[in-house]
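[1] compute the structure for the input listed below.
(2 chains)
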Amino acid sequence: MKIVIIGNGMTSYKFCEKMMAKAAPGTVELVVFGEEPRPAYDRVHLSEFFSGKTATDLEIAPASWYAEQNITLHLGDPVQQIDRTLKTVHSYKGITESYDYLVLATGSAAFVPPIPGVDKKGVFIYRTIEDLEMMRDYAPKATTGAVIGGGLLGLEAAKALLDLGLKKTHVIEFAPRLMPRQIDEAGSNLLKAKLETLGLEIHTSKSTTNILGEDTITGLQFSDDSILEADMLVISAGISPRDEVARLCGLETGHRGGIVVNEQLQTTDPCIYAIGECALYNGMIYGLVAPGYEMAEVACSHILGSHKAFTGFDMSTKLKLIGVDVASFGNPFAPADQCRTIIFEDTMKGIYKRINVSNDGQHLLGGILIGDADAYNMLLQTAKNKVILPPNPEDLLLGARGAQTEGGAGVLGLPDEATICSCENVSKATICNAVTAGNETLDAVKKCTKAGTCCGGCVPMVKDLITSTMKAQGKYIRNVVCEHFSYSRQELFDLIKIKEIRTFDDALDHYGQGDGCEVCKPVVASILASLWNEMILTKGNDTVQDSNDRYLANIQKGGTYSVVPRVPGGEITPRQLMVIAQVAEKYNLYTKITGGQRIDMFGAHVNDLPLIWEELVAAGFESGHAYGKALRTVKSCVGSTWCRFGLHDSVSFAIRIEQRYRGLRAPHKLKSAVSGCIRECAEAQSKDFGIIATEKGWNLYVCGNGGSKPQHALLLAGDVDSDTCIRYIDRFLMFYIKTADPLTRTATWLNKLDGGIEYLRNVVVNDSLGIADQLEAEMQVLVDNYKCEWKEVVENPELRKRFSHFVNAPEEKDPTIKFENLREQKKAAEWK
Amino acid sequence: MSLENSATLTWFYACKVDDVPANGGVCVKYFDEQIALFRFARRNEWYATQNLCPHRRQMALSRGMTGTQEGEPKVACPFHKKSFSLVDGRCLTDEHECSLNTYPVKVEGDRVYIGIGAGGQQVEVMA
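    Residues are numbered from 1 along each chain as shown, chains lettered A, B, ... in the order given. Down below sits the predicted model:
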């Protein structure tokens, strides 16, 4: 059987993949004609081309895949004619192929409205990689961009113009609102406000009548005679099905385009199928990838003789547009007389949620979520499965308030047959049964049911199901380290302390089972270091350290390491700078100033690390512990020694603190800073502990964080003297080290701590638990045991020996490491 | 192990037992290839795989952390913590990831050998 496929987009690829998987080997011959010069690529993620992805990254399968499958692939060669009586196709390059079945997967083209001037230079459409390449080449000449079309694709195109660096980008929509197919007016207004804060200007109810300029676009004119200056325009006003070759051979097409198909995706010629965006089923074009894939499945099955039907597809969508969640499901626009509507709007946070409930209050019909779409899966399933709603349906949006909970809302309220993972089609019952059968972790459930293994969108629901199913069985859920240790980190910490355990193997023999893994090994290593502060690479503990700790350096792309010497308080002498310069030049290292007022040297071969440190140690430098879950830096402003506003000497205090806690290992990294006055130039309130000078002493703030979830530190104690401040820090750090879960920063730890900052202040300042002296004594042990790890390695031939790439050729460096040049320095070669 | 068969395997001398840290790995140079050799001291077992992690094509597995998952020996790549079985090389954290080549290992006295099949690839021949 010979099947010819016209078109090579995502749907065409999926058809080939399914056909190769289903057909008996050697029974089907596939020939594919594609118009574009490259094989099928991921058009859904096209905009990522501008945020760094290459054409190859977007590739779904390379040309070699087709060769391996024995599929003949003609690229850059569109079919121009179909002869239905002879059952042959003729291509642009003159190839004639016969077929038993023909599949039209010709997709769609950008719909270009008939506006005078669309052929001017600087006007683009947004459809193929070639379109994007042309935009990329043109963008440096442009300053103001415009996009015609405020739908899903138009907003993607606007994002692309932002990514291309245009100073100003306008979005022009003919309809009175953005994304008119998905969201309502209130939703559109909120989305508009959000997008405008991100640098887009949105114009709705605007009809473009003319594109201005001689050969090159200079602006747009609208039906209200207003003019907008723009030197680059992208038209993304919708799609138009590619049905020309079908129409030419007499197949029925819709009057607004599209090849008419039946439930089996057959056109009016039963040997010819149409799938994807070119197919018109029941008067509708399906412009999303998921229904296209479903069509590929149905057509493929039908050709092979089994009976499946395409009966329409749920067009609910959830996506992130320029960082804003937008989702729409079921019937988002149900008219007022057919439903009751519940709307939640928060213009402060930029959240809009609307749900449409049936008049009898029993069922969810559809809705819209903007700004926060976490509830999308839950609501979609509630609507799809016609789950009976709780007595107060607003709980679906607001969560149950007050004493009563668990109304029937929530994941538990879903019927057993509800689809939880729509990618892998896994039902709620399948997941709950897997949990009951003993798969009590997310990984185990994933493996057993495949739920959550594709897009991952249902993972939160799967987790809820695991917890609730276990709770229903009366099981107590505890945060244990991993399969090898059935204890929480805090329990393990106390056990290791009481038994005075000093090695991982001992801990495992006493309190664990099996052989350990990459989760528990670093946890135990960190506990041992926080308790005894012994050299981490001795006593067989070297191989239980996290990779960076094991090599006392940070592994970087390509397998080289970066080196950060400690620069306490950020104070450094010209002589020390010269040493760093000499070392960096000698070992050909890329140098960069870090955010923590230090100097990072990148691109060191593992073999060179001891040589580099030999020179640094000789010049008085110590390890900066940039590789450890340990104290990193204590940043400082210049303080009263130079600054006319400074109240105290913040640099000296920062150095004193950094010297005290250097090398201190903790459940996660620790950062600190000292500011000499309330202007806060050292940004101390974004640190795990930060200190700000006051007229009377120091204010101590704790549990701040920068990073992905910034959080301001909270005041623990005000106007304290230097020694008191250090005592409080001792107690605070030791209390954190003893009680936090693995890899939990102080901010997250405080957020989970019952009683919050009030409780912490009682423990640390008021000594409510009576452990203050003990905490201080434990910290003093660690301070007294401090030694520079790198000095110890440099002086110990046995430890030095581990710093080689090849065990049987210790002098040789890894020959696969490659660098590229960048601004007179080097950088790691890009990885695949 | 039941993998050795002197007819098809060449035994390559890698290093001394003590050159490999207990419960850790080292990288062995075999002509232009890099082989990661692991000493699972807790179980008195040895394993060898390609050194290249297929995920981002980094020569890094010998620096990975060894361990077990439900009793199966594995190594986690230091870059993104993908875990691979040391027994058959398959990826335990992502079933779509490529598997590792594995090699048989034998220890004679204090010397460790890696078995190389024809063409440098491991040939599994059950004894």
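[2] run the chain-centre distance for the longest helix along chain A.
    Across chain A, the longest stretch assigned as helix under DSSP state H is helix A:722-739. Put simply, helix A:722-739 sits 35 Å off its chain's centre (C-alpha atoms, centre = their mean, to the nearest Å).
[3] now the helix or strand just after that helix: buried residues?
    Next along the chain after helix A:722-739, taking DSSP states H and E as the criterion, comes helix A:746-752. Using 16 or more other C-beta atoms under 10 Å in any protein chain shown as the test for burial, helix A:746-752 gives A:Thr746, A:Ala747, A:Thr748, A:Trp749, A:Leu750. Any C-beta I mention is one placed from the backbone N, CA and C, and that applies to glycine too.
[4] who are the contact partners of the first one?
    Going by C-beta atoms under 8 Å, 6 or more residues apart in numbering or on different chains, A:Thr746 touches A:His668, A:Leu670, A:Asp688, A:Phe689, A:Val702, A:Cys703, A:Gly704, A:Asn705, A:Tyr736, A:Ala740.
[5] quick check: the first one is in a helix.
    Read that as A:His668. No - applying DSSP: H, G, I helix; E, B strand; the rest coil, one finds A:His668 to be coil, outside a helix.
[6] ok, for it, nearest residue in space, not its chain neighbours?
    A:Arg745 (4.8 Å; C-beta to C-beta, 6 or more residues apart in numbering or on different chains).
[7] secondary structure element for the spatially most central residue of chain B?
    By C-alpha atoms, centre = their mean, chain B has its centre lying nearest to B:Ala48, at 1.7 Å. Assigned by DSSP H and E, B:Ala48 belongs to strand B:45-50.
[8] do the same with A:Leu132
    A:Leu132 is part of helix A:129-138 when elements are defined by DSSP H and E.
[9] same for that helix, what does it pack against?
    strand A:123-125, helix A:152-163, strand A:232-235 (3 or more C-beta pairs under 8 Å, 6 or more residues apart in numbering or on different chains; DSSP states H and E).
[10] apply 6 Å and report the result again.
    Judged by 3 or more C-beta pairs under 6 Å, 6 or more residues apart in numbering or on different chains; DSSP states H and E, the packing partners of helix A:129-138 are strand A:123-125.
[11] ok, residues contacting the strand it packs on?
    With C-beta atoms under 6 Å, 6 or more residues apart in numbering or on different chains as the test, strand A:123-125 has contacts from A:Ala110, A:Asp131, A:Met135, A:Ile217, A:Leu233, A:Val234, A:Ile235.
[12] how far away is the first one from chain B?
    So the one you mean is A:Ala110. 33 Å (C-beta to the nearest C-beta, to the nearest Å).
[13] bridged to that residue, which residues?
    The partner list for A:Ala110 in beta bridges (DSSP bridges) reads A:Ile239.
[14] what is the mean pLDDT for the strand holding B:Ala48?
    For strand B:45-50, mean pLDDT is 96.
[15] and the next helix or strand after it with chain A, contact?
    Next helix or strand after strand B:45-50 toward the C-terminus (DSSP H and E): strand B:52-53. No - counting by C-beta under 6 Å from any C-beta of the partner chain, chain A is not contacted by strand B:52-53; separation bottoms out at 8.3 Å.
[16] pull up the pairing partners for strand B:52-53, direction included.
    Here, using DSSP bridges, strand B:52-53 pairs with strand B:58-59 (antiparallel).
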